[in-house]
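> Just a sequence and a predicted model for now, questions to come.
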Amino acid sequence: MPRELYLRHDSAEVCYAVGRVFNGPNLGLWGNFTTGALEVFQAANWADYAIPLAELGVTGWYETDMPQLFSGERAVMMMFYEQAGANPDVAVDDDITVGILEMMDEWIPSLALGLLLL
């Protein structure tokens, strides 16, 4: 899936996203990329939830692909963070924005995501 997650933020920062299922039978479960499974939130696993975003040059635009882990879900809430230290840390990282991605024929940002990122 090509570059469905994108973010506009300050250039030269370390940014990442975390995903939480927004509807359906897996509602409320978080994507753990170390185990490759959805799970009930555990603060100790925060770094395992992080989806790294790559900056496009020095533009302040960051992007990555929607993780395959969410491929069977209809909607996923993505929360975007600026990493403060060496590793993702829920206690100290700054939250940037949040949005919903919905699966139709392909992953598309909802209107809410587009508005939040402007």
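Ah, there it is.
> Can you list the strands that the helix or strand containing residue 96 pairs with?
Per DSSP states H and E, residue 96 falls inside strand 94-103. Its sheet considered, strand 94-103 pairs with strand 75-82 (antiparallel), strand 107-109 (antiparallel) by DSSP bridges.
> Going by neighbour count, which residues of the first one are buried?
Of the residues in strand 75-82, 75-78, 80-82 count as buried by neighbour count, 16 or more other CB atoms under 10 Å. Just so you know, the C-beta spots here come from the backbone N, C-alpha and C atoms, and that holds for glycine as well.
> Now the residue nearest to the spatial centre of the chain: phi and psi?
Central residue of the chain (CA atoms, centre = their mean): residue 17, 2.9 Å from the mean position. For residue 17, the backbone dihedrals are phi -120, psi 160 (criterion: degrees, to the nearest 10).
> for it, what are its contacts?
By CB atoms under 8 Å, 6 or more residues apart in numbering, the contact set of residue 17 is 5, 7, 50-51, 53, 64, 78-81.
> Brilliant, that's me finished.
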